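**Q** got a predicted structure here, sequence first:
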Amino acid sequence: MKIYNTLTRQKETFTPIEEGKVRMYVCGPTVYNLIHIGNARPMIVFDTFRRYMEYKGYEVNYVTNFTDVDDKIIKKAQEEGVDASEISTRYIAECKKDMEGMNIRPATVHPLATQEIDGMIEMIRTLIEKGYAYAAADGTVYYRTGKFASYGKLSHKNLEDLQAGHRDIKVTGDLKEEPFDFVLWKPKKEGEPAWQSPWGEGRPGWHIECSVMSKKYLGDTIDIHAGGEDLIFPHHENEIAQSEAASGKEFAHYWMHNGFLNIDNQKMSKSLGNFFTVREIAQKYDLQALRFFMLSAHYRSPLNFSAELMEAAKSGLERIHTAAENIKRLQKAVDAKASDTKAACEKGMSAEEESLYEASEQFQKKFEAAMEDDCNTADAVSAVFELVKYINTNVSSDHSNAYLQKLFERLKTLCDVLGIQLALKEEALDADIEKLIQERQTARKNKDFARADQIRDELAQMGILLKDTREGVTWKRA
């Protein structure tokens, strides 16, 4: 499998640290409000990548955090007059609801920053001891960026140029040694949550949180670190500096970053009025359609969100569902024709069916080839559509149940990797069918033949076939 590594700016063959296992860390959201669709893209993309790795047989230790202490959380808490933990607890629960709606599997571990403070203090102490960090007079602890020789290797920024361009921002009273030194620990402010530390009461900086949580749950060196491309600098760059200075080991072998999400070709922002939460999208669309939309482009490409593209995703998803439902409908027809349902199910495939099924394997191979090429979900989706077309033209009630089931399982397997649920429509209840039939009878009695025909059509769409006899109306499922 090839992965585009942001660190080297090229595709590389993926080789895990430990055979058969993958250690992967994905930066999660800061929980101060409902997540927006920009947050949703890395969640969906890297959940799909994880699913494919599991499809390949890897045991994936997948860690994604919740940042539950942050300036925005504190500000929200102060506005509402509640404790910051109440805000974070509320929105972690809401985030999990949205993740479930998008069919995102829970991580192996969802660590919370506030539960890992001891580990952060310990790493900061190690960095100070090694000369990579220093405590200022006000209790702030800074990372000494200039001491880390390879700073900038992920973002491909030159530290000397960065510092030269920002030396003018240093003002009187600034306790940093250099402008690009960043905060590891910040002193307590009135009304803010704080923890005891060797440098006084305070709380951790954002960057140190992910370094510590990754180390605790995955080890000093991990296979893959991922997130949105907006995190490359400074967040991921600073994570590397902290982690590698503390451990003396490479932090992550592969770095994956998804592209930005735009709204109608504009950057999403509240000021432009084009800011959408996942919850708002859920009021208009099934979140499966949002997931399908997110997978319609390569994860590293910019993705443009619009109503037209969401409608296209919705239609594409319906094509897949229709194919799956058609197979299940045909299986029922096969069972109905058979005198012994069990025998019909156990009957094997004919030679012709074996050949047809084997031919469908080409689409699974295309799917795999796309996913092997840096998780190219756009091409993987195309392969699924090719399989759908093949299914639609190569199934009928004359085929065996075994053949139909094998095709269904192949489609379901690929959809499972994409996180697309083949939720089949529930059969209409007998009572509802009888009610519609009675309504049709009443319409015919009143000579309202248009309504009677409309009801017949509605029932036909539900897979219900009517037969008018002298004794009355009989019906059966198609």
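**A** Looks like it arrived, so ask away. Since we're looking at a predicted model, the values are computed, not measured.

**Q** looking at the chain, which helix or strand is least sure?
**A** Using mean pLDDT, DSSP states H and E, helix 341-346 stands out as the lowest-scoring helix or strand of the chain, at a mean of 54.

**Q** tally of neighbours for residue 76?
**A** Taking other C-beta atoms under 10 Å as the criterion, the count of residues near residue 76 is 20. C-beta here means a position set from N, CA and C on the backbone, and glycine is covered the same way.

**Q** pull out the buried positions in the host helix or strand of it.
**A** In this structure, residue 76 sits in helix 71-80 according to DSSP states H and E. Of the residues in helix 71-80, 73-74, 76-77 count as buried by neighbour count, 16 or more other C-beta atoms under 10 Å.

**Q** show me the two of these that sit farthest apart.
**A** Greatest spacing in the buried residues of helix 71-80, by C-beta to C-beta: 74 and 76 (7.4 Å).

**Q** residue contacts, the closest residue to residue 33 other than its chain neighbours?
**A** Leaving aside its chain neighbours, residue 33 sits nearest to residue 91 (6.2 Å; criterion: C-beta to C-beta, 6 or more residues apart in numbering). Residue 91 sits next to 31-34 when contact means C-beta atoms under 8 Å, 6 or more residues apart in numbering.

**Q** out of these, which is most surrounded?
**A** residue 31 (26 neighbours).

**Q** I figured residue 6 hits residue 256, correct?
**A** Yes - counting by C-beta atoms under 8 Å, residue 6 touches residue 256, with 7.0 Å between them.

**Q** among these two, which residue is more densely surrounded?
**A** residue 256 (24 against 20).

**Q** contacting residues around that one?
**A** 3-6, 46, 49, 224-226, 299, 375.

**Q** partners of it in the sheet?
**A** residue 226 (DSSP bridges).

**Q** what ranges does the stretch 351-478 of the chain have for its strands?
**A** Counting by DSSP state E, counting those that start in this stretch, one finds strands in the stretch 351-478 of the chain at the ranges 464-469, 472-477.

**Q** now stretch 122-130: average pLDDT?
**A** What stretch 122-130 shows for mean pLDDT is 98.

**Q** please enumerate residues in contact with it?
**A** By C-beta under 8 Å, 6+ apart, stretch 122-130 touches 133-135, 141, 143, 184-185, 197-198, 204, 208, 211-212, 215, 242, 245-246.

**Q** now that stretch - C-alpha only, PDB.
**A** Below are the C-alpha coordinates for stretch 122-130, written out as PDB (Å, rounded to 0.1, in the frame of the first residue of the first chain):
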ATOM      1  CA  GLU A 122       6.200  14.700  33.300                       C
ATOM      2  CA  MET A 123       7.100  15.400  29.600                       C
ATOM      3  CA  ILE A 124       7.600  19.100  30.200                       C
ATOM      4  CA  ARG A 125       9.900  18.300  33.100                       C
ATOM      5  CA  THR A 126      11.900  16.000  30.800                       C
ATOM      6  CA  LEU A 127      12.200  18.700  28.200                       C
ATOM      7  CA  ILE A 128      13.400  21.200  30.800                       C
ATOM      8  CA  GLU A 129      16.000  18.700  32.000                       C
ATOM      9  CA  LYS A 130      17.300  18.200  28.500                       C
END
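
**Q** looking at the buried residues of helix 71-80, which is nearest residue 55?
**A** The closest of these, once distances to residue 55 are taken by C-beta to C-beta, is residue 73, at 36.5 Å.

**Q** wait, the closest one touches residue 83, no?
**A** No - Residue 73 is beyond contact range of residue 83, at 10.3 Å (criterion: C-beta under 8 Å).

**Q** so what's residue 376 up against?
**A** Here residue 376 is in contact with 298, 370 (C-beta under 8 Å, 6+ apart).

**Q** so where's the stretch 101-250 of the chain shaky on pLDDT?
**A** 161-173 (pLDDT under 70).

**Q** same question but for the stretch 351-478 of the chain, I mixed them up
**A** Judged by pLDDT under 70, the stretch 351-478 of the chain has its weakly predicted residues at 423-430, 471, 478.

**Q** can you do 80?
**A** By pLDDT under 80, the low-scoring segments of the stretch 351-478 of the chain are 423-432, 461-463, 470-472, 476-478.

**Q** residues near residue 437, how many?
**A** Neighbourhood size, residue 437 [other C-beta under 10 Å]: 19.

**Q** residue contacts, it?
**A** Taking C-beta under 8 Å, 6+ apart, we find residue 437 in contact with 455, 459, 466, 473, 475.

**Q** try residue 235
**A** Neighbouring residues of residue 235 by C-beta under 8 Å, 6+ apart: 27, 206-207, 210, 227.

**Q** at 7 Å instead, please
**A** Residue 235 is in contact with 206-207, counting by C-beta atoms under 7 Å, 6 or more residues apart in numbering.

**Q** just the closest of the contacts of residue 437 to residue 366, please.
**A** Closest to residue 366, out of all of the contacts of residue 437 and judged by C-beta to C-beta, is residue 459, at 39.1 Å.

**Q** I'd assumed residue 466 was in contact with that closest one.
**A** Yes - counting by C-beta atoms under 7 Å, residue 466 is a contact partner of residue 459 at 6.3 Å.

**Q** and the two? Which one has more around it.
**A** residue 459 (19 against 16).

**Q** for the strands of the stretch 351-478 of the chain, which one sits closest to residue 11?
**A** Using C-beta to C-beta and comparing these, the one that lies nearest residue 11 is strand 472-477, at 50.9 Å.

**Q** okay, the angle between the closest one and strand 464-469?
**A** 160 degrees (axes from the mean of the first three to the mean of the last three C-alpha atoms, to 10 degrees).

**Q** neighbouring strands - and their directions - for strand 472-477?
**A** Short version: by DSSP bridges, strand 472-477 pairs with strand 464-469 (antiparallel).

**Q** which of the residues in the partner strand are buried?
**A** 464, 466.

**Q** starting at the chain centroid, how far to it?
**A** Computed by C-alpha atoms, centre = their mean, to the nearest Å, the chain-centroid distance of strand 464-469 equals 46 Å.

**Q** quick one: contacts of it?
**A** Contact partners of strand 464-469, identified using C-beta under 7 Å, 6+ apart, comprise 428, 433, 456, 459, 473-478.

**Q** most neighbours, which of those residues?
**A** residue 459 leads the contacts of strand 464-469 on contacts (other C-beta under 10 Å) with 19 neighbours.

**Q** and the closest residue to residue 231 other than its chain neighbours, how close does it get to residue 61?
**A** Spatial nearest neighbour of residue 231, excluding adjacent residues (C-beta to C-beta, 6+ apart): residue 27 at 5.7 Å. Going from residue 27 to residue 61 by C-beta to C-beta, to the nearest Å gives 16 Å.

**Q** same question, residue 92
**A** For residue 92 relative to residue 61 (C-beta to C-beta), the value is 21 Å.

**Q** and what of residue 34?
**A** Taking C-beta to C-beta, one finds residue 34 at 28 Å from residue 61.

**Q** same check, this time on residue 284
**A** 36 Å.

**Q** which one of these two has more residues nearby?
**A** Neighbours per residue, other C-beta under 10 Å: of residue 284 and residue 61, the larger number sits with residue 61, 19 against 12.
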